[in-house]
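# what's the 3D shape of this:
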Amino acid sequence: MFIPLHDANSLKYIKVQYVTISLIAINVVVWLVTGFASTQAFSDAAVVGLGYIPAVVFDFADLEPGLVLVPENATYITYAFLHGDFMHLASNMLFLWVFGDNVEDALGHFRFLVFYLACAAAGALVHGLVEPSSEAPLIGASGAVSGVVAAYFLLHPKVRVWVLVFFRIPLPLPAVIPLAFWIAQQFYMLAVDGDGSVSWGAHVGGILAGAFLVIVLRRRGVPLFDRTIVTPKAVRHAEQTPVPAEKVADRPAVPPTHWGR
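Here you go, the predicted model:
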C-alpha cells in the first residue's frame, strides 16, 4: 500500500548510522553471492543450509548431513541475510534505510545490532510456532525490519515521512498513519492468510520484539511518542557556555540560515 521514501528526522546522538549501513551492505553482498551471481544449485543449497526450517529446528525432520551449513539454532539469525530476488531485498533494505538510522540513534550502535538480531530471531520463532511442521525454508530480513518499524512507530509517530501511496502518489504523512496501517495489516494478514507464501508470523514476531526491546534498550532520556525533543549533552553544553559580552558586541549581523537535512 505504501513505500517509504524519506523522513525529515535528523540524528541526535550519533554522526553516522554505521550499523544500519553495514547491515544493508552485508545483505546486498550475501544476495550477490547467493543469488545474483550464483548458480541455481548453489542458491538452493544456501537457502536450505542457512534458511530457517521449523520442522528441522523443532525436530520434526532432519536435514541430510551434506546440506547442513550451520548449527540449526544459528538459522534463527542466518535466514535474515538471505533474499529470494532483487525486489525482496530492495523492499526490506529500503525500510531499513529510512527507519533504521533513527532507531540506531535512539539505542546506540551496539544495542541496535543486538536489537536487530533479536527481532530477526523473534520473527523466526513466531513463524515456527505458527507453522512448526513446515519444511519450507524461511528467508528474508522482514522479521528484523518489522522490529525496526515498530520501534520507529513508538519513538517518532509525529515525524513526517514521505511515502509513495499505491506505488505512484508521493505524500508527506505523520509516521503514525502509514506505520499504524502497516502494523495492523501484518496482524490481519496473519489471521486470514497464515498459509500463504509470505510469513506474516515472522513480521508479527519482529513487531512484538521491536516494540518491547526499544523500550528496554533505548538510551536514558530518549522519550517515546515524540513527547519532547531531546538535545544531546554535547549540544546542551555548547548552548549553555556563556559568551563574553565584549565579543558579542563585536560580531557582525548575520542573516539566519535555513538548514536542511
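# can you give me the strands in the stretch 151-261 of the chain?
160-165, 169-174 (DSSP state E, counting those that start in this stretch).
# Can you mark which positions in stretch 119-132 are buried?
119-128, 130-131 (16 or more other Cβ atoms under 10 Å). In short, each C-beta sits where N, CA and C put it, glycine included.
# ok, back up a step: among the strands of the stretch 151-261 of the chain, which comes closest to Phe42?
strand 160-165 (34.5 Å; Cβ to Cβ).
# Restricting to C-alpha, output that closest one in CSV.
Taking C-alpha atoms only, strand 160-165 is exported to CSV below (Å, rounded to 0.1, in the frame of the first residue of the first chain):
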residue,chain,number,x,y,z
ARG,A,160,6.6,13.4,8.7
VAL,A,161,7.6,10.7,6.3
TRP,A,162,7.4,10.9,2.6
VAL,A,163,5.7,7.8,1.3
LEU,A,164,4.6,6.6,-2.1
VAL,A,165,1.0,5.6,-1.8
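# who does it touch, helix- and strand-wise?
strand 2-7, strand 169-174 (3 or more Cβ pairs under 8 Å, 6 or more residues apart in numbering; DSSP states H and E).
# got the contact list for stretch 83-91?
The contact list for stretch 83-91, computed with Cβ atoms under 8 Å, 6 or more residues apart in numbering, reads 3, 27-28, 30-31, 35-36, 92, 139-141.
# mind putting the helices and strands packed on strand 160-165 in a markdown table, distance to Phe81 and mean pLDDT included?
Formatted as a markdown table, those follow (distance: least, Cβ to Cβ, whole Å; pLDDT from 0 to 100):
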| stretch | distance to Phe81 | mean pLDDT |
| --- | --- | --- |
| strand 2-7 | 21 | 90 |
| strand 169-174 | 31 | 91 |
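# quick one on the thing from earlier: in strands only, show me the contacts of stretch 83-91.
Among these, the members falling in strands (DSSP state E) are Ile3.
# re earlier: just so I know, which of the helices and strands packed on strand 160-165 lies nearest Val163?
Nearest of these (Cβ to Cβ): strand 2-7, 4.4 Å.
# Could I get the phi/psi values of the closest residue to Gly51 other than its chain neighbours?
Leaving aside its chain neighbours, Gly51 sits nearest to Pro137 (2.8 Å; criterion: Cβ to Cβ, 6 or more residues apart in numbering). Here the main-chain torsion angles of Pro137 (degrees, to the nearest 10) amount to phi -70, psi 140.
# returning to that earlier point: who wins on neighbours among the contacts of stretch 83-91?
Most neighbours among the contacts of stretch 83-91, by other Cβ atoms under 10 Å: Ala141, with 30 neighbours.
# mind checking how far the residue nearest to that residue when sequence neighbours are not counted is from Leu213?
Nearest residue to Ala141, sequence neighbours excluded (Cβ to Cβ, 6+ apart): Asn92, at 4.3 Å. According to Cβ to Cβ, to the nearest Å, Asn92 and Leu213 sit 19 Å apart.
# For this structure, give me the ranges with low pLDDT.
Scanning the chain for pLDDT under 70 picks out the ranges 1, 194, 228-261.
# And the residue sitting nearest the centre point of it, which helix or strand is it part of?
Centroid-nearest residue in the chain: Val145, 3.0 Å away (criterion: Cα atoms, centre = their mean). Element membership for Val145 (DSSP states H and E) is helix 142-155.
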